[in-house]
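>>> With the sequence up front, the predicted model follows.
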Amino acid sequence: MNNIKVLAIETSCDETAAAVVQNGREVLSNIISTQIDLHEKYGGVVPEIASRMHVEKINLVINEALEAAEVSLDEIDVIGVTYGPGLVGALLVGVVAAKAIAFAKDKPLVPVHHIEGHIAANYIAHPELKPPFVCLVVSGGHTHLIMVKDYTSYEIIGRTRDDAAGEAYDKVARAIGLSYPGGPKVDKLAKEGNKDAIKFPRAMLDVGYDFSFSGVKSAVLNYINGCNMKNETLNTEDVAAAFQSSVVDVLVTKSIQLAKEKQINKVALAGGVAANKGLRAAMLEACQDNGITLYYPEILLCTDNAAMIGCAAYYEYLDGKRAGMDLNAVPNLPLGKK
Ligand code: KG4
Ligand code: ZN
């Protein structure tokens, strides 16, 4: 087979997404139907609403992806789908849709780990990128420092022991009155503030490769309460800048430390928080100082999408991975080790 076209489906959280990707790196279409406005008033993703919306949108989004790519289902070679981790009811919608198409059209079904998809977004953005490299995956649900050994082989070196980086962003955003998802809004506000105005803790900075973000989040909340009690006006720009600096410092320090320890001169960012301007700038500076090349996807490919799942599915397909009609959603799916 010369040109392998993957139809990819992603419904692990609050985006209903489908894409057609050719030979892993060529995105023929990438359709995302976001539910953000529905969850915004609740301050976070409501699983039941997410599942219902996926059911409503999935067929429309798949059809749109095929139309935009100008291919029919018969011309698709592989069906790729996220089967975990994520919200079980949300994942199930994508898994069932993928199984139905694979069964009806007798196509191979390839299950994809959501984090593997986030990492793969870098292959789309950088056609020359090849493993091995160090990847920092920072999203609303995950904070992982990963050695990407090969296209389908990963080793998790560090992970968060409590909140994910994006989760900390969203909680701090809420405390300073910004709506969900707060990460991009805190990022914007941070640009206006002085990062040295307040000193928030840098948890586990010198201790191994694991992360902890609940301490800095609590420190921010305490600081805000303190200001309120003293009737002081809160400088939200300074709070955002100081919080961002504390999170980014830890993320950058540990990523560079791992790359140096493993003697790898490539570092990639992935996941929603990889869209963060402060993180990108600080990581770029640290990489340049250490002779490391930095990779990150464009913002649309950082947050949840199906093109990244299509890319990961392509490499898993080449590696022989297949699922049967018994494929199930696995909400706490671990990232595989080979
Ligand atoms: O990868 P993603 O779309 O979903 C998960 O798999 O979790 O990531 C969403 C997370 C949210 O927490 C959002 O606030 C955060 O990524 N995020 C950001 C930025 N853009 C999105 N956090 C900080 N700065 C940003 N610019
Ligand atoms: Zn994600």
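Nice, thanks for sending it over. Numbering: from 1, shown residues only. Ligands and ions are numbered 1, 2, ... in the order given.
>>> Tell me how this protein divides into domains.
As assigned by automatic domain parsing, the chain contains the domains 5-120+302-318, 131-296.
>>> okay if I get the ones you listed as TSV plus mean pLDDT, mean neighbour count and distance to ligand 1?
Backbone N, C-alpha and C define where each C-beta goes, glycine included. What follows is the domains of the chain, written out as TSV (pLDDT from 0 to 100; neighbours: other CB atoms under 10 Å; distance: least, CB to the nearest ligand atom, whole Å):
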stretch	mean pLDDT	mean neighbour count	distance to ligand 1
domain 5-120+302-318	96	22	3
domain 131-296	96	19	2
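>>> Just give me the longest helix of the protein.
When the chain is scanned for its longest helix (criterion: DSSP state H), the result is helix 236-262.
>>> Quick one: residues in contact with the helix or strand following that helix.
Downstream of helix 236-262, the first helix or strand assigned by DSSP states H and E is strand 266-270. With contact meaning CB atoms under 8 Å, 6 or more residues apart in numbering, strand 266-270 is reached by 115, 118-119, 121-122, 129, 132-139, 148, 255-256, 259, 279-280, 283, 287, 292-297, 302.
>>> same question, stretch 249-264
With CB under 8 Å, 6+ apart, stretch 249-264 has contacts from 132-134, 136, 138, 143, 145, 147, 157-158, 165, 202-205, 209, 211, 265-267, 279, 282-283, 286-287, 290, 292.
>>> Nearest to ligand 2: which residue in the stretch 1-150 of the chain?
Using CB to the ion, the single residue of the stretch 1-150 of the chain nearest to ligand 2 is residue 139, 4.4 Å away.
>>> so how far is residue 304 from that residue?
Using CB to CB, to the nearest Å, residue 139 is found at 8 Å from residue 304.
>>> For this structure, which segments count as strands?
5-10, 15-22, 26-34, 78-84, 109-113, 133-138, 143-150, 153-159, 266-270, 293-295 (DSSP state E).
>>> which residue packs closest to the spatially most central residue of the chain, ignoring adjacent ones?
Taking CA atoms, centre = their mean, the centroid of the chain lies closest to residue 271, which sits 2.4 Å from it. Among residues not flanking residue 271 along the chain, residue 139 sits closest, at 3.3 Å (CB to CB, 6 or more residues apart in numbering).
>>> Quick check on that neighbour: phi, psi?
phi -140, psi -170 (degrees, to the nearest 10).
>>> pretty sure it is touching residue 118, no?
Yes: counting by CB atoms under 8 Å, residue 118 is a contact partner of residue 139 at 6.6 Å.
>>> between those two, what contacts are shared?
270, 271.
>>> residue in the stretch 201-338 of the chain nearest to ligand 2?
For the stretch 201-338 of the chain, CB to the ion, closest residue to ligand 2: residue 304, 4.4 Å.
>>> can you count the residues close to the closest residue in space to residue 84 that isn't next to it in sequence?
Nearest non-adjacent residue to residue 84, counting by CB to CB, 6+ apart: residue 333, 2.9 Å away. A count of nearby residues for residue 333, using other CB atoms under 10 Å, gives 20.
>>> quick revisit: any idea of the angle the longest helix of the chain forms with strand 266-270?
140 degrees (axes from the mean of the first three to the mean of the last three CA atoms, to 10 degrees).
>>> and residue 1, what pLDDT?
Residue 1 carries a pLDDT value of 64.
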